[in-house]
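Trainee: here you go, sequence then predicted model.
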Amino acid sequence: MVSKDRLAPPKLLQVQDIDFAALLARPAAAPDAQATPPEGVARASTALNALRRSGAARSRALALRSSSRASAAELAAIGALPREAAPDALFAAFAAFVLRAHRDEIESYRALLRTTDLRAPHSWFPLARALRRRLVYHAGPTNSGKTHAALAAMRAARSGLYCGPLRLLAMEIYDTCNAAGTHCNLVTGQERRELPDAAHTSCTVEMADLGARVEVAVLDEIQMIGDDARGWAWTRALMGVPADEVHLCGDGSAVELVRALAAQMGDEFEVRRYERFTQLRVEEGGLGAEGYAGARRGDCIVAFSRRDIFEIKAAVERATEHRCCVVYGALPPETRRQQAQLFNAGRDGYDVLVASDAVGMGLNLNIGRIVFHAMRKREGGAELVPVSTSAVKQIAGRAGRRSSEFAQGRATCRDAADVPLLRAAVDAPLEGLNTPKAGLFPEFEHLEVFAGQNPDDSFEQALIKFTEHAVLDSSYFLCKQEGILAAARLLAATGLSLRDTYVFCMAPASATDPHLMGALLLFAQRYAAGAPVVLDLALPAELPRNPLELRRLETAHAIVNLWLWLSYRFDEEAFPGREEVQRQAAAICDTLHRGLEKVTRLTKARHARGGRDAGRRAGRAPVDLLLQRPSPEHERMLQPFEAVARLLKEDLLDDGAERAKRRPAGRALQAA
Ligand SMILES: Nc1ncnc2c1ncn2[C@@H]1O[C@H](COP(=O)(O)OP(=O)(O)OP(=O)(O)O)[C@@H](O)[C@H]1O
């Protein structure tokens, strides 16, 4: 990014690469490094270097017109000034010199600045700017009725658009609208369901169609505009949706930010505040000595790793009569919904839920009590950090939902020692939360123009340089791009065009999953070679019996998902057979759902054989995941991607080892 550093202190200056005397005599001559300049000119030259290094010279010089001139006498006078006064006085002369000697570079730098100028993102959306829009911000805690109110406005309108943060939520709204008689389409990255007469659409926020005028749009979880990685999608939808009314739902942390953006956009702005329907009670003692043997109907136990989730599920199922449904991020949304429905119905004893923080959003659940397994989680595989106040509020707030059978919501922790942390988060006023900035990410067109000025750069280099030069207003930040850069590095040798590379890099493939990255690379290579990209997965006939087999199915689903996402962005010849792949996706979800039930049955059966001993040790009993291996049939499923995945994994491990080696030195440096 262009910095506005202060002038460097004069004592740091050492380069005198401009001979000012020669410059005055022969303006276009090359500098003579050997000449010894007179004292006044040397001072002027030093000041010039200070300007050059400060970056201020660059931007201020560019702002001056090429007609600005200084005479030799003026410059000599400037050179004689005391050191502190020289920089300001030198600008006009310096500008004249720079503009004369570096005209071409300045022109291309000007063009580059224009390309990377992201200071007025609202001007990228002329259709929305042509409307006089009204923004209504529904601000309140979880379970306060804000989404209900916004959706009522959308359904009452002749046309509408719902933009949600998850596929799961988009599907939920699609179903509710159609069930209530409002015909509604569904558009997500991986699927399109279109009804011929529908004037309403439910979509994931990245997919919002900014070219289609609607009466009312709803933008859910608006505080995610400040999300490190995805915030740009909320900014884009907020600024670009061509609707008469835009309803924003979320906690109140982004009210002031949106108010400021509304003023920039010339939109009307209104805030409606909401209170929680039912009070949330914190249970002080935690689960006590009984541990998970004390789990009860309507409990949702929240843990922050997949391993913990399966251990807790097994512990509860061994120690009690209950059966556990699970909800976590790696499960496909369809499976999460199936699990949620099973839990809500409480059928066959499935009345306890074990979930990750994915439970905080998007599901209407019949939860009486939230139990936090821990109040700290690992961020990016690193150290344990406390779960954020807003996440605790959002998760705990799921208990006692208005439409559920539990009028009073409760929250507690497994360990009593963690309860003060929970209480502090629950009691923290929402007003204390602040979303200060909105995310931005360059559109392809920005990068295309930029890359055109640097034709020898790879996509990765272009993106890095763009980021360095991007100029943003203080209300915005540039979203993280580690995943995109990792994909760009991976695909560098495929020979794809810039546009195709951009599309492949934006595809939903986690950089930390070697199978998924392997699949991305294989798809890209096949596409670049002009061969049809067919999906080659042999799904096993048998149901998964343990968490490792479930994991392989989750990975298979993520690969299918990736393929479907790409298939909507390239033509059918390149990605043939979408219907069959969609059938495979549905089959995997179904197998996962039934597999989870099978895992439960096996746990219960093993426990019945082993006797009822688990009550006392339920809180600690581990599931030995390492002893469980995937069957050969489940092993075979990912075979087409296995070799690439292994290579990538070695690469990732090497990187990890390198990072680990560097870490102590990094710490020492920080301490110093
Ligand atoms: N006026 C109402 N009449 C009937 N049910 C309502 C009403 N308002 C809200 N509800 C129900 O209460 C529950 C919570 O409402 P809603 O989802 O709108 O809350 P929210 O504040 O948006 O919470 P979250 O952010 O967790 O979704 C939902 O099941 C919703 O259907």
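Mentor: Okay, I see it.

Trainee: and the residue of the stretch 151-300 of the chain that's closest to the ligand?
Mentor: Closest to the ligand within the stretch 151-300 of the chain is Cys249: 5.8 Å, counting by C-beta to the nearest ligand atom. Where you see a C-beta, it was placed from the backbone N, CA and C, and this is true even at glycine.

Trainee: could you check the pLDDT of that residue?
Mentor: As predicted, Cys249 sits at a pLDDT of 97.

Trainee: ok, now Gly380?
Mentor: Gly380 carries a pLDDT value of 64.

Trainee: near the ligand, which residues of this structure show up?
Mentor: Proximity of the chain to the ligand, by C-beta under 6 Å from any ligand atom, involves residues 140, 142-148, 249, 364, 401-403.

Trainee: ok, these vs Arg133, which is closest?
Mentor: Cys249 (16.5 Å; C-beta to C-beta).

Trainee: pretty sure the closest one sits in a helix.
Mentor: No: residue state for Cys249 (DSSP: H, G, I helix; E, B strand; the rest coil) corresponds to strand; a helix is not indicated.

Trainee: okay, now it: neighbour count?
Mentor: The tally of other residues near Cys249 (other C-beta atoms under 10 Å) stands at 25.

Trainee: all numbers from here: first residue = 654
Mentor: I'll keep to 654 as the first residue from here, and by that count the last item is Cys902.

Trainee: secondary structure class for Cys978?
Mentor: strand.

Trainee: which ones are touching the nearest residue to Glu1195 once chain neighbours are set aside?
Mentor: Counting by C-beta to C-beta, 6 or more residues apart in numbering, the nearest residue to Glu1195 once its immediate chain neighbours are dropped is Glu1286, at 5.8 Å. Going by C-beta atoms under 8 Å, 6 or more residues apart in numbering, Glu1286 touches Pro1193, Ala1194, Glu1195.

Trainee: filter those to the buried ones?
Mentor: Taking 16 or more other C-beta atoms under 10 Å as the criterion, what is buried in these is Pro1193.

Trainee: can you list the contacts of Glu1286 in a markdown table and add pLDDT, distance to Glu847 and secondary structure?
Mentor: Shown next, in a markdown table, are the contacts of Glu1286 (pLDDT from 0 to 100; distance: C-beta to C-beta, whole Å; DSSP: H, G, I helix; E, B strand; the rest coil):
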| residue | pLDDT | distance to Glu847 | secondary structure |
| --- | --- | --- | --- |
| Pro1193 | 90 | 33 | coil |
| Ala1194 | 88 | 34 | coil |
| Glu1195 | 89 | 36 | coil |
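
Trainee: which one among the contacts of Glu1286 gets closest to the ligand?
Mentor: Comparing the contacts of Glu1286 against the ligand with C-beta to the nearest ligand atom places Pro1193 closest, at 37.0 Å.

Trainee: now do the residue nearest to that closest one when sequence neighbours are not counted, the pLDDT please.
Mentor: Once flanking residues are discounted, Pro1193 sits nearest to Glu1286: 3.9 Å by C-beta to C-beta, 6+ apart. For Glu1286, the pLDDT comes out at 87.

Trainee: the helix or strand containing Glu1233 vs strand 976-980, what angle?
Mentor: Taking DSSP states H and E as the criterion, Glu1233 maps to helix 1231-1263. Put simply, helix 1231-1263 runs at 150 degrees to strand 976-980, going by axes from the mean of the first three to the mean of the last three C-alpha atoms, to 10 degrees.

Trainee: by contact count, what packs against helix 1231-1263?
Mentor: On a contact count with 3 or more C-beta pairs under 8 Å, 6 or more residues apart in numbering; DSSP states H and E, helix 1231-1263 meets helix 959-972, strand 976-980, helix 986-998, helix 1200-1220.

Trainee: what's the most buried one of the ones you listed?
Mentor: Highest mean neighbour count of those: strand 976-980, a mean of 26 (counted as mean count of other C-beta atoms under 10 Å).

Trainee: note down every partner strand of it and its orientation.
Mentor: Applying DSSP bridges to the sheet, strand 976-980 is found paired with strand 1003-1008 (parallel).

Trainee: doesn't Glu859 lie inside a helix?
Mentor: Yes: residue state for Glu859 (three-state DSSP) corresponds to a helix.

Trainee: look up phi and psi at the residue nearest to Leu780 when sequence neighbours are not counted.
Mentor: Once flanking residues are discounted, Leu780 sits nearest to Pro895: 4.6 Å by C-beta to C-beta, 6+ apart. Dihedral angles of Pro895 (phi, psi; degrees, to the nearest 10) stand at phi -90, psi 80.

Trainee: likewise Glu909?
Mentor: Dihedral pair for Glu909: phi -70, psi -40, per degrees, to the nearest 10.

Trainee: so how many other residues sit close to it?
Mentor: Look at Glu909: counted by other C-beta under 10 Å, it has 13 neighbours.

Trainee: same deal with the one 10 residues further on?
Mentor: Other residues within reach of Gly919, judged by other C-beta under 10 Å, total 11.

Trainee: quick one: residues contacting it.
Mentor: Each residue near Gly919 by C-beta under 8 Å, 6+ apart is listed here: Arg782, Arg785.

Trainee: per-residue pLDDT of it, please?
Mentor: With respect to pLDDT, Gly919 scores 96.

Trainee: before we move on, what about Tyr790?
Mentor: Per-residue confidence at Tyr790 stands at 98 (pLDDT).

Trainee: pretty sure it sits in a strand.
Mentor: Yes: counting by three-state DSSP, Tyr790 falls inside a strand.

Trainee: so it sits against Leu910, correct?
Mentor: No: look at Tyr790 against Leu910 with C-beta atoms under 8 Å: they stay out of range, at 10.3 Å.

Trainee: so which of those two has more stuff around it?
Mentor: Set side by side, Tyr790 and Leu910 show more neighbours around Tyr790, with 24 against 21, by other C-beta under 10 Å.

Trainee: distance of the more buried one relative to Gly884?
Mentor: Tyr790 is 17 Å from Gly884, where distance means C-beta to C-beta, to the nearest Å.

Trainee: do the same with Thr1244
Mentor: 35 Å.

Trainee: got it, and Ser1284?
Mentor: Counting by C-beta to C-beta, the separation of Ser1284 from Gly884 is 42 Å.

Trainee: what about stretch 937-954, average pLDDT?
Mentor: Taken as a whole, stretch 937-954 has a mean pLDDT of 93.

Trainee: strands along the stretch 954-1103 of the chain, start to end?
Mentor: Secondary structure of the stretch 954-1103 of the chain (DSSP state E, counting those that start in this stretch): strands located at 976-980, 1003-1008, 1022-1025, 1029-1031, 1037-1039, 1062-1066, 1091-1093.

Trainee: out of these, the one nearest Arg753 is which?
Mentor: strand 1091-1093 (36.2 Å).

Trainee: picking up where we left off before, reformat the contacts of Glu1286 as JSON lines; add distance to Thr1208.
Mentor: Output for the contacts of Glu1286, formatted as JSON lines (distance: C-beta to C-beta, whole Å):
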{"residue": "Pro1193", "distance to Thr1208": "13"}
{"residue": "Ala1194", "distance to Thr1208": "18"}
{"residue": "Glu1195", "distance to Thr1208": "17"}
